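Asker: Here is a sequence with its predicted model. Questions after.
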Amino acid sequence: MKKKEEWILVFDSGLGGISVLRELVHVLPEERFLYFGDSKNAPYGDRSTEEVREFTANCIAAFIPRGIKAVVVACNTATAAAIECLRARYPGKIIIGMEPALKLAAERHPGGRILVMATHVTLREQKFCALMDRFSSTCRVVPLPCPGLVEYIEAGCLDTPEVRDYLQNLLSPTLATGVDAIVLGCTHFPFLKPLIQELAGPHVEILDGASGTALQTRRRLEAENLLRSGTQGTVELHNSLNTPEILETSAYLLEASR
């Protein structure tokens with residue numbers, strides 16, 4: 001007998017997708033979530049497109065037997081590299097990906113200068129290039145690769161002197177020429193939002209795609225009559241490293257961000 005499909009799988013290259021998981025739990029409090037972070041192979045942003053596709057496909061395939069009714073790829077890099085392959089492989093599944101909140105930034109800051117912080121893979125993929133071209137006539141989009149930043153967050157370093165110096169050196173040249181908004185194009189980066197806001201100043205709006213992704217997930221489940229109701233939801237945290245330390249950090253990030 002086919003296993004009842006009642007879980008929502010939330011997948012990320014590591015711990016960053018927990019920033020999306022917290023929004024999903026807020027928007028869908030009665031749902032059952034499985035979170036899997038592939039910290040063993042992180043960061044995806046330094047990998048080839050082929051590697052990202054392989055890692056993503058293998059991780060998701062391992063959880064399908066659990067009874068997955070929807071998959072949220074809570075990773076901008078994996079979305080850019082693998083989302084179309086996943087949809088082709090699982091045509092009957094709801095598969096939601098991430099998209100940098102560039103549309104929202106362009107709507108709020110017409111004619112403005114918008115900085116997009118992301119990984120190399122996200123910025124080089126056609127999905128982002130098409131998005132940037134779409135809004136290039138209404139605002140100036142400045143892509144900014146952030147090598148090494150994911151590793152700080154994976155280590156739980158959210159406001160250390162090293163992270164502060166890294167961001168100061170990374171952002172200062174662009175901020176000096178004026179920025180209206182910063183789009184966090186990696187799900188790891190919202191954990192550094194307070195520090196980025198401090199460095200950018202109160203006049204710069206900082207946006208990410210977690211809320212939009214959570215709302216889109218709810219819309220898709222509702223449209224297919226798959227919403228769970230009447231019971232308290234649950235969250236299971238898993239990681240490819242599977243050490244007590246990484247699972248403890250995962251739980252800390254989820255609770256600290258609520």
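Answerer: It's in. Residues are numbered from 1 along each chain as shown.
Asker: what's the burial count for E255?
Answerer: Around E255 sit 10 other residues, with neighbours defined as other C-beta atoms under 10 Å. Using the backbone N, CA and C atoms, a C-beta is placed for each residue, glycine as well.
Asker: My reading is that it lies in a helix. Confirm?
Answerer: Yes: inclusion of E255 in a helix is indicated when DSSP: H, G, I helix; E, B strand; the rest coil is applied.
Asker: quick one: it from I8, how far?
Answerer: 19 Å (C-beta to C-beta, to the nearest Å).
Asker: Likewise for L215?
Answerer: Distance from L215 to I8, counting by C-beta to C-beta: 14 Å.
Asker: of these two, who's got more company?
Answerer: Taking neighbours as other C-beta under 10 Å, L215 and I8 compare with I8 leading, 26 against 14.
Asker: Just give me the neighbour total for T174.
Answerer: Residues lying near T174 (other C-beta under 10 Å) number 16.
Asker: Correct me if wrong: it contacts L144.
Answerer: Yes: counting by C-beta atoms under 8 Å, T174 sits close enough to L144 to count as a contact (6.4 Å).
Asker: Need the overlap of contacts for these two.
Answerer: With contacts defined as C-beta atoms under 8 Å, 6 or more residues apart in numbering, the residues adjacent to both T174 and L144 are L115.
Asker: Can you classify the residue nearest to L144 when sequence neighbours are not counted as helix, strand or coil?
Answerer: Leaving aside its chain neighbours, L144 sits nearest to M117 (5.2 Å; criterion: C-beta to C-beta, 6 or more residues apart in numbering). M117 carries the three-state label strand when classified by three-state DSSP.
Asker: so who does M117 touch?
Answerer: For M117, the contacting residues are 144, 146, 149, 182-186, 189, 196, by C-beta under 8 Å, 6+ apart.
Asker: Apply 10 Å and report the result again.
Answerer: Remark: with contacts taken as C-beta atoms under 10 Å, 6 or more residues apart in numbering, M117 is in contact with 100, 123, 142-146, 149, 167, 170-171, 174, 182-186, 189, 192, 196, 206, 208.
Asker: Give me the common contacts of L215 and I8.
Answerer: Shared between the contact lists of L215 and I8 (criterion: C-beta under 10 Å, 6+ apart) are residues 24, 28.
Asker: Can you tell me how far the residue nearest to L144 is from A256?
Answerer: Separation of M117 from A256 (C-beta to C-beta): 21 Å.
Asker: swap in E224?
Answerer: E224 is 33 Å from A256, where distance means C-beta to C-beta.
Asker: cool, G148 as well?
Answerer: From G148 over to A256 (counting by C-beta to C-beta), the distance is 23 Å.
Asker: Poorly predicted segments of the protein, please.
Answerer: Judged by pLDDT under 70, the chain has its weakly predicted residues at 1-3, 257-258.
Asker: Could you find the closest non-adjacent residue to R220?
Answerer: Nearest residue to R220, sequence neighbours excluded (C-beta to C-beta, 6+ apart): I94, at 4.8 Å.
Asker: residue ranges of the strands in the chain, please?
Answerer: Using DSSP state E, the strands of the chain run over 7-12, 32-37, 68-73, 94-96, 113-118, 140-145, 181-184, 205-208, 234-239.
Asker: for the first one, packing partners?
Answerer: Contacts of strand 7-12 with other secondary structure elements, assessed using 3 or more C-beta pairs under 10 Å, 6 or more residues apart in numbering; DSSP states H and E, are made with helix 18-27, strand 32-37, helix 49-63, strand 68-73, helix 76-89, strand 94-96, helix 210-223, strand 234-239.
Asker: Just put those in a markdown table and tack on distance to K4.
Answerer: What follows is these, written out as a markdown table (distance: least, C-beta to C-beta, whole Å):
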| stretch | distance to K4 |
| --- | --- |
| helix 18-27 | 20 |
| strand 32-37 | 11 |
| helix 49-63 | 15 |
| strand 68-73 | 9 |
| helix 76-89 | 21 |
| strand 94-96 | 16 |
| helix 210-223 | 15 |
| strand 234-239 | 15 |
